[in-house]
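> need a structure here:
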Amino acid sequence: MAARRGVLIVFVLLFVAVMASIAGVFLLMSAGGRVPRPVPANSSLYLKIEAPFREIERSDLVSQFVRMPPTLRETVDAIRRAAIDSRVRTLVIMPQTSGALWGQLQEVRGALEQFRASGKPITAFLEYGGAQEYYLASAADRIMMMPGGQLDLTGVATYELFFRGTLDKIGVFPDLLHIGEYKTASNTFTEKTFTPAHREMARSLNRDWYEELVRAIAAGRKRSEDEIRRAIDGGPYMAETARKAGLIDDLGYEDQVDDREPVKGTRRLEAEQYEQAVVRSSGLPSVRMALLYAVGAIASGRSSFDSPGSPVIGSETFVQWVRKARVDPNIRAIIVRIDSPGGSAIASEAIWRELMLAREVKPLIVSMGDVAASGGYYIAVPAHAIVAQPGTITGSIGVVTGKFVLKGTFDKLGLGAESVSDGRFAEIESPLRPFTKEERPRIEEQMQATYELFLSRVAEGRKSTAARIDSFAQGRVWTGRQALERGLVDELGGLDVAIRLAKQHAKIDAKRDVLFDVYPQRRSLFETFANPLGNSMAAGLHLLARQPDLRAMELLTLTRFRRGEPLTLMPNVFLR
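Residues are numbered from 1 along each chain as shown. Here you go, the predicted structure:
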């Protein structure tokens with residue numbers, strides 16, 4: 001009976017998906033004849049900057065018919081195109097961030113600075129401004145805030161969660177090991193607070209982000225850094241108080257932006273209209289490059305970018321992408337855009353190998369986004385050049401592994417669990433007990449070998465020695481600026497800098513346009529209809545239909561990584 005119910009649910013969901021697909025076809029056909037409106041002369045481009053951004057375009061069923069928020073690249077490209085577009089006279093930005101990290105924001109701010117350097121003015125409008133909204137707004141010539149708004153410019157704070165107390169209450173023992181004094185990914189589960197090394201690292205990262213905030217605001221507002229520090233210490237501000245402090249220039253509502261200089265007398269141009277109408281060309285023939293997005297946790301197997309949860313970089317999928325780009329004679333260079341906290345050491349090694357083969361035949365450049373740490377840094381080191389933002393989270397050269405012992409939880413629930421086994425270490429990954437005195441050295445030996453391999457890969461890629469890399473590795477996380485000082489990256493900047501370096505390495509005229517073969521490739525309409533719910537959802541439905549009676553147990557134990565494998569994974573993501 002349960003099996004029949006499960007199968008019935010699957011068929012109902014598939015029927016709904018098919019009906020939605022058919023409706024989508026009609027919607028697409030009805031929209032196909034629309035002609036984009038031209039960009040009027042003397043325009044003001046209005047751009048909402050809603051961070052964090054997606055790095056990769058969605059390609060599920062909904063995205064085929066509903067306009068999705070722009071990706072980071074689309075937003076940056078729009079700003080850069082507008083800077084050289086004679087029809088666009090000025091830019092109006094409306095920053096809104098929620099849980100964004102600093103790398104993406106710095107990439108957008110770099111584009112805003114380029115726009116301002118072109119001689120065209122920027123107006124920033126804020127209803128509310130925290131540190132990150134104001135960081136972007138400070139790139140503008142004028143900042144306008146709603147009269148009832150608030151400027152919560154008070155500094156930079158980072159928070160981390162520690163679950164050890166919770167795990168103790170429910171009877172779970174985290175038997176986790178790590179290589180590297182600063183490899184703190186396991187601390188989330190093994191500690192109740194910062195260790196001295198963890199606190200030192202967190203303070204260093206937070207201070208670097210704070211100093212970057214101060215530098216940027218001081219440059220944008222043409223004030224000294226000491227003045228900005230005092231202003232930050234004087235916050236938070238109501239709008240009028242912020243105006244008196246010289247942090248904003250004008251009070252007004254969004255509908256009043258049109259009536260103020262330098263926007264007054266221009267035509268309002270929405271970002272969506274501009275994106276649809278503009279055609280970028282330098283007049284020179286385009287050259288082809290491959291742009292590969294490594295976004296999400298790294299695991300063995302296939303990638304998943306359309307799941308309801310976080311994306312996954314599957315080594316099998318990524319290797320296929322690299323191989324395609326490597327053997328295509330028309331691809332002049334490969335750029336890998338990384339936004340990943342790492343994951344499986346084995347999967348990272350498989351990707352590293354394919355990238356090493358690629359670098360032997362054509363230029364390979366890495367552009368780091370918000371995070372390229374641990375396994376994310378592992379796959380970066382084959383590059384001829386690595387580019388990071390000052391606030392990018394990178395490094396974390398270390399290893400963590402272990403298991404969660406659930407026997408205490410089972411006892412609390414009255415759940416019996418026993419095992420039988422053959423083989424001396426058959427139960428080394430048993431969730432019913434911690435590692436024994438015989439097992440622990442075996443695990444540590446594997447971890448040390450993985451760490452030494454990691455060091456050797458970094459040393460080879462960065463033309464250094466394992467001993468030197470080890471001196472500032474130990475699992476420590478660095479900002480992009482700190483990584484540059486230690487030789488872990490080559491330049492600070494965004495994807496545009498990576499493209500410039502790729503042209504230089506490939507001996508391509510800097511003025512030539514680039515036509516990118518982007519991976520993951522956007523799914524065609526037919527592919528979307530064939531799998532409208534995406535790979536991850538389809539896998540879940542398959543699981544439900546295959547054995548409905550075991551669905552709860554299997555869904556609970558489904559993980560991204562092989563049991564017991566060493567992980568090159570950075571600490572938990574900081575909460576802003």
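
> alpha carbons only for contacts and neighbour counts from here, please
OK.

> so A372 sits in a helix?
No: assessed with DSSP: H, G, I helix; E, B strand; the rest coil, A372 is strand; it does not lie in a helix.

> per-residue confidence at it?
With respect to pLDDT, A372 scores 95.

> My read is that it contacts Q389, right?
No: at 10.6 Å, A372 and Q389 do not qualify as touching, with contact defined as Cα atoms under 8 Å.

> Measure how buried E485 is and give me the count.
Burial measure for E485: 10 neighbouring residues, criterion other Cα atoms under 10 Å.

> before we move on, back to that, same drill for A372 and Q389, tell me which one is more crowded.
Neighbour count, other Cα under 10 Å: between A372 and Q389, A372 has more, with 31 against 28.

> From E50, how far out is the more buried one?
Distance, A372 to E50, using Cα to Cα, to the nearest Å: 22 Å.

> Ok, A242 next?
Using Cα to Cα, one gets 23 Å for the distance from A242 to E50.

> what do you get for S138?
Distance from S138 to E50, counting by Cα to Cα: 16 Å.

> quick one, which of those two is more surrounded?
Set side by side, S138 and E50 show unequal neighbour counts under other Cα under 10 Å, the larger going to S138 at 27 against 18.

> got a list of what that one touches?
S138 is in contact with 216-217, 220-221, counting by Cα atoms under 8 Å, 6 or more residues apart in numbering.

> A473 too?
180, 395-398 are the contacts of A473 under Cα under 8 Å, 6+ apart.

> before we move on, what about R500?
Residues in contact with R500, defined by Cα under 8 Å, 6+ apart, are A510.

> List the buried residues for the helix or strand where it lies?
Element membership for R500 (DSSP states H and E) is helix 495-506. Residues of helix 495-506 classed as buried under the neighbour-count rule (16 or more other Cα atoms under 10 Å) are 495-503, 505.

> quick check: mean pLDDT across it?
For helix 495-506, mean pLDDT is 96.

> In the stretch 451-576 of the chain, where is pLDDT below threshold?
522-576 (pLDDT under 70).

> So which helix or strand of the chain has the lowest pLDDT on average?
Of all the helices and strands that make up the chain, the one with the lowest confidence by mean pLDDT, DSSP states H and E is helix 551-557; it has a mean of 34.

> Run through the strands of the stretch 151-300 of the chain in chain order.
Taking DSSP state E, counting those that start in this stretch as the criterion, the stretch 151-300 of the chain carries its strands at 173-179, 237-238, 250-251, 267-270, 287-295, 297-299.

> The second one pairs with which strands, and in what direction?
Yep, that's strand 237-238 we're talking about. Under the criterion DSSP bridges, strand 237-238 sits next to strand 142-151 (antiparallel) in its sheet.

> Need the residues that contact the partner strand.
Taking Cα under 8 Å, 6+ apart as the rule, strand 142-151 contacts 122-130, 134, 137, 235-240, 242, 248-254.

> Residue nearest the middle of this structure, spatially speaking?
D339 (3.9 Å; Cα atoms, centre = their mean).

> Pairing partners for the helix or strand encompassing that one, with directions?
Taking DSSP H and E as the definition, D339 sits inside strand 331-340. Looking at strand 331-340 with DSSP bridges, its paired strands and their directions are strand 287-295 (parallel), strand 364-373 (parallel).

> Give me whichever of the ones you listed is most buried.
Mean neighbour count (mean count of other Cα atoms under 10 Å) peaks for strand 364-373 among the strands paired with strand 331-340, with a mean of 30.

> ok and it relative to helix 495-506, angle-wise?
Using axes from the mean of the first three to the mean of the last three Cα atoms, to 10 degrees, one finds that strand 364-373 and helix 495-506 are set 150 degrees apart in direction.

> roughly how far is strand 364-373 from the heart of the chain?
Mean-position distance between strand 364-373 and its chain equals 9 Å (Cα atoms, centre = their mean, to the nearest Å).

> Contacts for that strand next, please.
Residues outside strand 364-373 that contact it (Cα under 8 Å, 6+ apart): 101-104, 333-342, 358, 380, 382-389, 391-397, 477, 494-495, 498, 501-502, 569-570.

> partners of the residue nearest to P341 when sequence neighbours are not counted in the sheet?
Spatial nearest neighbour of P341, chain neighbours left out: A373 (5.0 Å); criterion: Cα to Cα, 6 or more residues apart in numbering. Taking DSSP bridges as the rule, A373 bridges to G395.

> and the gap between A373 and S348?
Look at A373 and S348: by Cα to Cα, they are 12 Å apart.

> Name the residues contacting each of the two.
G342.

> what sits against K192?
In this structure, K192 makes contact with 162-165, judged by Cα under 8 Å, 6+ apart.

> out of these, who's nearest E445?
R164 (25.7 Å; Cα to Cα).

> hang on, that closest one packs against E191?
Yes: under the criterion of Cα under 8 Å, R164 makes contact with E191 at 5.4 Å.

> Only C-alpha atoms, please: export the strand holding D339 in PDB.
Once non-C-alpha atoms are left out, strand 331-340 reads as follows in PDB (Å, rounded to 0.1, in the frame of the first residue of the first chain):
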ATOM      1  CA  ILE A 331      39.000  27.900 -27.200                       C
ATOM      2  CA  ARG A 332      42.000  30.300 -26.700                       C
ATOM      3  CA  ALA A 333      42.000  30.300 -22.900                       C
ATOM      4  CA  ILE A 334      40.200  28.900 -19.900                       C
ATOM      5  CA  ILE A 335      38.900  30.900 -17.000                       C
ATOM      6  CA  VAL A 336      37.700  29.200 -13.800                       C
ATOM      7  CA  ARG A 337      35.400  31.200 -11.600                       C
ATOM      8  CA  ILE A 338      35.500  29.700  -8.100                       C
ATOM      9  CA  ASP A 339      33.000  30.300  -5.300                       C
ATOM     10  CA  SER A 340      33.500  27.200  -3.100                       C
END
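
> Follow the chain on from that strand and name the next helix or strand.
The element immediately downstream of strand 331-340 (helix or strand, assigned by DSSP H and E) is strand 342-344.

> got the angle for whatever helix or strand comes next after that following strand vs strand 331-340?
Sequence-wise, the next helix or strand beyond strand 342-344 is helix 345-359, with elements assigned using DSSP H and E. The directions of helix 345-359 and strand 331-340 differ by 160 degrees, with the same axes, to 10 degrees as the criterion.

> Buried residues in helix 345-359, which are they?
Neighbour-count burial for helix 345-359, counted by 16+ other Cα under 10 Å, picks out 345-352, 354-356, 358-359.

> what is the mean pLDDT for it?
Taken as a whole, helix 345-359 has a mean pLDDT of 95.

> Return the list of helices and strands in contact with that helix.
Helix 345-359 sits against strand 297-299, helix 315-327, helix 375-378, with contacts defined as 3 or more Cα pairs under 8 Å, 6 or more residues apart in numbering; DSSP states H and E.

> can you redo the strands of the stretch 151-300 of the chain as TSV with mean pLDDT and distance to L415?
Written out in TSV, the entries for those read as follows (pLDDT from 0 to 100; distance: least, Cα to Cα, whole Å):
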stretch	mean pLDDT	distance to L415
strand 173-179	90	16
strand 237-238	96	55
strand 250-251	95	63
strand 267-270	92	60
strand 287-295	95	39
strand 297-299	91	32
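
> Ok, which of these comes nearest P441?
Closest to P441 of the strands of the stretch 151-300 of the chain is strand 173-179 (Cα to Cα; 10.8 Å).

> Run through who's touching that closest one.
Looking at strand 173-179 with Cα under 8 Å, 6+ apart, the contacting residues turn out to be 164, 167, 184, 186, 189-190, 398-406, 408, 434-435, 444, 447-448, 451, 474-475.

> Just checking: what are the partner strands of it?
Counting by DSSP bridges, strand 173-179 is paired with strand 399-405 (antiparallel).

> immediately after the partner strand, which helix or strand?
helix 407-413.

> Sort out which residues of that next one are buried, please.
For helix 407-413, by 16+ other Cα under 10 Å, it's 407-410.
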